[in-house]
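# below: sequence and its predicted model.
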Number of protein chains: 2
Amino acid sequence: MKAELIFTGSELLLGHILNSHAQFLGLRLSGMGIEVTLHTTVGDEQESLECVLRQAMTRADLIIITGGLGPTTDDITVETLAGVLGLSLVLHEESLAKIKERYKERGLEMTKSILKQVYVPEDAMILPNSTGTAPGALIERGSQVIVALPGPPNELIPMFEKQVAPFLSGKIAGGAITSYKVFKLTGITESAVQDLIYDLGGQGNPGIAYVAKPGEIQVRLTARATSPVLAEKMLAKLSLEIKSRLSNYIFSSDDEILEETIGKLLLARGLSIGVAESCTGGMVAARITDIPGSSGYFMGGVVSYSNDVKNKVLGVPAGVLERYGAVSREVASAMAEGVRKLTGADLGLATTGIAGPGGGTPDKPRGLVYISMADASSACSREYRFPGIRAAVRLGVTNAALNMLKLYLMDKRDQR
Amino acid sequence: MKAELIFTGSELLLGHILNSHAQFLGLRLSGMGIEVTLHTTVGDEQESLECVLRQAMTRADLIIITGGLGPTTDDITVETLAGVLGLSLVLHEESLAKIKERYKERGLEMTKSILKQVYVPEDAMILPNSTGTAPGALIERGSQVIVALPGPPNELIPMFEKQVAPFLSGKIAGGAITSYKVFKLTGITESAVQDLIYDLGGQGNPGIAYVAKPGEIQVRLTARATSPVLAEKMLAKLSLEIKSRLSNYIFSSDDEILEETIGKLLLARGLSIGVAESCTGGMVAARITDIPGSSGYFMGGVVSYSNDVKNKVLGVPAGVLERYGAVSREVASAMAEGVRKLTGADLGLATTGIAGPGGGTPDKPRGLVYISMADASSACSREYRFPGIRAAVRLGVTNAALNMLKLYLMDKRDQR
């Protein structure tokens, strides 16, 4: 199966934003064994899109078009597609009803232009948009498949994963399969990771690749085989070895959303949490409260940037602050205990450290961080050294703190 | 002058790397007044590249090809280009001498394959590579210009800046210049924005385009003119009208980093800030503390998810919570005042609202948010309705809250 991707949007053409869809769709389609042969980016201009689409239709089995499904005048994908295929546009009642409901719910008035997005090509399979308003469309013409997806990544990605990928998998059953597994690490540099697992392989099959992101190193394993079962078997063996060598640094794997796992664990254990943050400045609380329903287990947090707030709000004794300094094991534990008591939560989680660029000393260098977890019986602190710039340290500490909470909760499995 | 960009490389097609050249060249060329009309990405395969190149030659005045100039078998750009144009390949003596010297310097042995990159199309203007080995090439055919640049960004960027950009500037002297301006909005939907400024234009000159991001709508204005002064004049007139119609929603423009502006204003006014957050759950504090040196003006924050924390930590009276509910103008103000007193800051900023997906009622729907700013003399709350999913609402509220703080500080200009 050969695929061509067409990206629409003047903001892509003019370089105002990076084309992350090219990467996402390229990776996902090739991972499914579909041969991606061409990417084209066109502006929000009907003639261009029409020309590119007509050419793609002479060559490709699968054509995916991104963007241009919205309500504004520069959104021209649906009209162009219908024009080229000779299909008329029909009102999609379900999408209209959904939009009406959304607007009513929020007490907003429906605007005229919003209606544009609920017209879809006749005979298309409509792809509901779970995170936005404009539906996608999938059209089959003989053995050729044409898909139109919305431009915003938070709409495109779930629509692709939940609706397009399963459809395509059904079409291509039988070819070679690539499986992959991703480990996410924090508190270590890319080269140090590599030194620890160098002997396990590189670009072969299974293969190991490294991706450095701010506050996170990803170790990506891939395996190609004739069946998913065989590919998974190859991955499982390699994963086991990697986990045992890197366990100190792995905070998550694959598509796990750490804060979602934590939410489920807290609910299952019937426990609540409060958070005290210095160097992460609110990032840990923000991640925990990203999850709908987090008010069921998140009591509250304190961002204690000044020593005064650490002392007066969290009750960290002035003597402890003076003796050990704000970045210390002792203060981290006192913060965790303090926020637990202050918010009335079962558990307290605290971070304190030097994110940089300033503030480091020979004794307490930039990147030195203490994270502490407290429950009714005790508080435990752990020391970390995070590499990288301020933003990377803050992200890395946030991941490590959430991971400490996750591991604590997994350990509490049988204690309820 | 119309330009098409052709990117070669299977790693781009398969999504193994993000295409940063698309962004760099798109921005640079459009900034020079060259109209970029199409991007195409092809694999390392002669037939594909040939086909794409032939098509581009029928439409564009300028064609830039990136990648495929190296020594390996998958580097096919030069041969393909020469084939399509009917040019023979000739040895480029200077490039050969330079490579020989490099290898000698490093004590390395010359491999046969390395010689491949010193063959160039006859009559081409050779672009020396100051940071790598493969030279680039610039070919003029009548009024058409075809440029081949190396793939690695650290080779492509200096070659473009030092050699290609000056050449193109010479060609287009007297040509058109494109200027642009971006407004970032929150608390409104894309279609509502369009309804408010529909009559001001769309794809003309000046042009208006829309980009929806989570928690943010961007309105992008572009103007083409024969000089930067004229283009700026066109933008200024349009900007003024747009600002007056959308002032309630604009939180930032162009490349401003809101939290950086706020940091500078706080330092300049000698004021400090404390933050109390409900629906944003720590995101406002996290944004403020993203800035190095923020400990100089950020005293601390409270994430008051539960009513208990609002009451006990922030001192929001239980009666106020009961009478008006946690999501109310009154509670927002009490939170802002409370956190100001608790942290000893000059100013207090607070958010409370319903981020969803649950928690909405007919009276207080999902997306209803109150943001409040308090100083020593008073606290002011404002009501908002944010569209979109939970993550978009939270981001939008964070932007709006930071904007409220910025506007307050700008207003305080003369009062110190």
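Sure, I can see it.

# mind jotting down where the strands sit in the stretch 101-250 of chain A?
Along the stretch 101-250 of chain A, the stretches classed as strands by DSSP state E, counting those that start in this stretch are A:119-121, A:125-127, A:136-141, A:144-149, A:177-185, A:207-213, A:216-225, A:250-253.

# the longest one pairs with which strands?
Taking DSSP bridges as the criterion, strand A:216-225 pairs within the sheet with strand A:177-185 (antiparallel), strand A:207-213 (antiparallel).

# distance of residue A:377 from chain B?
23 Å (CB to the nearest CB, to the nearest Å). Bear in mind the C-beta positions are built from the backbone N, C-alpha and C, glycine included.

# residue contacts, that residue?
The contact partners of residue A:377, by CB atoms under 8 Å, 6 or more residues apart in numbering or on different chains, come to none.

# doesn't it lie inside a helix?
No. Applying DSSP: H, G, I helix; E, B strand; the rest coil, one finds residue A:377 to be coil, outside a helix.

# weakest of the strands paired with strand A:216-225 by average pLDDT?
In terms of mean pLDDT, the lowest-scoring of the strands paired with strand A:216-225 is strand A:207-213 (a mean of 75).

# return the most buried member of the strands of the stretch 101-250 of chain A.
Among the strands of the stretch 101-250 of chain A, ranked by average contacts under mean count of other CB atoms under 10 Å in any protein chain shown, first place goes to strand A:144-149 (a mean of 23).

# between strand A:136-141 and that one, find me the angle.
Strand A:144-149 runs at 170 degrees relative to strand A:136-141, counting by axes from the mean of the first three to the mean of the last three CA atoms, to 10 degrees.

# what does strand A:144-149 rub up against?
With CB under 8 Å, 6+ apart, strand A:144-149 has contacts from A:57, A:60-69, A:77-78, A:81, A:85, A:127, A:136-139, A:155-156, A:159-160, A:164, A:167-168, A:171.

# list, one by one, the residues from the stretch 201-350 of chain A near chain B.
With CB under 8 Å from any CB of the partner chain as the criterion, the stretch 201-350 of chain A meets chain B at residues A:275, A:277, A:280-286, A:288-290, A:292-295, A:298-306, A:308-309, A:312-313, A:342-344.

# now, the residues you listed that are in strands?
Counting by DSSP state E, those place A:275, A:277, A:298, A:299, A:300, A:301, A:302, A:303 in strands.

# so can I have JSON lines of the residues you listed showing neighbour count, distance to residue B:24 and pLDDT?
Below are those laid out as JSON lines (neighbours: other CB atoms under 10 Å in any protein chain shown; distance: CB to CB, whole Å; pLDDT from 0 to 100):
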{"residue": "A:275", "neighbour count": "36", "distance to residue B:24": "40", "pLDDT": "98"}
{"residue": "A:277", "neighbour count": "33", "distance to residue B:24": "37", "pLDDT": "98"}
{"residue": "A:298", "neighbour count": "27", "distance to residue B:24": "42", "pLDDT": "97"}
{"residue": "A:299", "neighbour count": "24", "distance to residue B:24": "47", "pLDDT": "96"}
{"residue": "A:300", "neighbour count": "31", "distance to residue B:24": "45", "pLDDT": "96"}
{"residue": "A:301", "neighbour count": "34", "distance to residue B:24": "40", "pLDDT": "97"}
{"residue": "A:302", "neighbour count": "33", "distance to residue B:24": "43", "pLDDT": "98"}
{"residue": "A:303", "neighbour count": "33", "distance to residue B:24": "38", "pLDDT": "97"}
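
# any chance of the strands paired with strand A:216-225 in CSV, with distance to residue A:361 too?
Converted to CSV, the strands paired with strand A:216-225 look like this (distance: least, CB to CB, whole Å):
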stretch, distance to residue A:361
strand A:177-185, 27
strand A:207-213, 27
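
# what angle do the helix or strand hosting residue A:332 and strand B:298-303 make?
Taking DSSP states H and E as the definition, one finds residue A:332 inside helix A:329-343. Between the axes of helix A:329-343 and strand B:298-303, defined by the same axes, to 10 degrees, the angle is 50 degrees.

# lowest-scoring secondary structure element of chain A by mean pLDDT?
strand A:207-213 (a mean of 75; mean pLDDT, DSSP states H and E).

# which other residues reach that strand?
Identification of contacts with strand A:207-213 by CB under 8 Å, 6+ apart yields A:190, A:193-194, A:197, A:200-203, A:217-223, A:238.

# and for residue A:56, the neighbour number?
Applying other CB atoms under 10 Å in any protein chain shown, we find 22 residues neighbouring residue A:56.

# ok, it - contacts?
A:4, A:6, A:38, A:40, A:63.

# so the third one sits against residue B:39, correct?
No. The pair residue A:38 and residue B:39 does not pass the contact test of CB atoms under 8 Å, sitting 11.0 Å apart.

# who has more neighbours out of those two?
Neighbours were tallied for residue A:38 and for residue B:39 using other CB under 10 Å; the higher tally belongs to residue B:39 (26 against 23).

# need the pLDDT of that one.
pLDDT, residue B:39: 97.

# that one: helix or strand, and which one exactly?
Secondary structure (DSSP H and E) places residue B:39 in strand B:35-42.

# check which helices and strands that strand sits against.
Using 3 or more CB pairs under 8 Å, 6 or more residues apart in numbering or on different chains; DSSP states H and E, the elements in contact with strand B:35-42 are helix A:10-13, strand A:35-42, helix A:46-57, strand B:2-8, helix B:10-13, helix B:20-31, helix B:46-59.

# for residue B:216, see how far away the nearest residue to residue A:183 once chain neighbours are set aside is.
The shortest distance from residue A:183 to any non-neighbouring residue, by CB to CB, 6 or more residues apart in numbering or on different chains, is to residue A:219 (4.5 Å). Per CB to CB, to the nearest Å, residue A:219 is found 33 Å from residue B:216.

# and what of residue A:19?
Taking CB to CB, one finds residue A:19 at 19 Å from residue B:216.

# list the contacts of the residue nearest to residue A:183.
For residue A:219, the contact set (CB under 8 Å, 6+ apart) comprises A:182, A:183, A:185, A:193, A:197, A:208, A:209, A:210, A:242, A:246.

# for the last one, grab the count of nearby residues.
Burial of residue A:246 is recorded as 17 neighbouring residues (other CB under 10 Å).

# any weak-confidence spans in the stretch 201-350 of chain A?
Scanning the stretch 201-350 of chain A for pLDDT under 70 picks out A:203, A:212.

# quick revisit: what's next to the strand holding residue B:39, contact-wise?
With CB under 8 Å, 6+ apart, strand B:35-42 has contacts from A:7, A:12-15, A:22, A:37-43, A:48, A:52, B:1-9, B:12-13, B:19, B:22, B:25-26, B:29-30, B:48-49, B:52, B:56, B:59-60, B:178.
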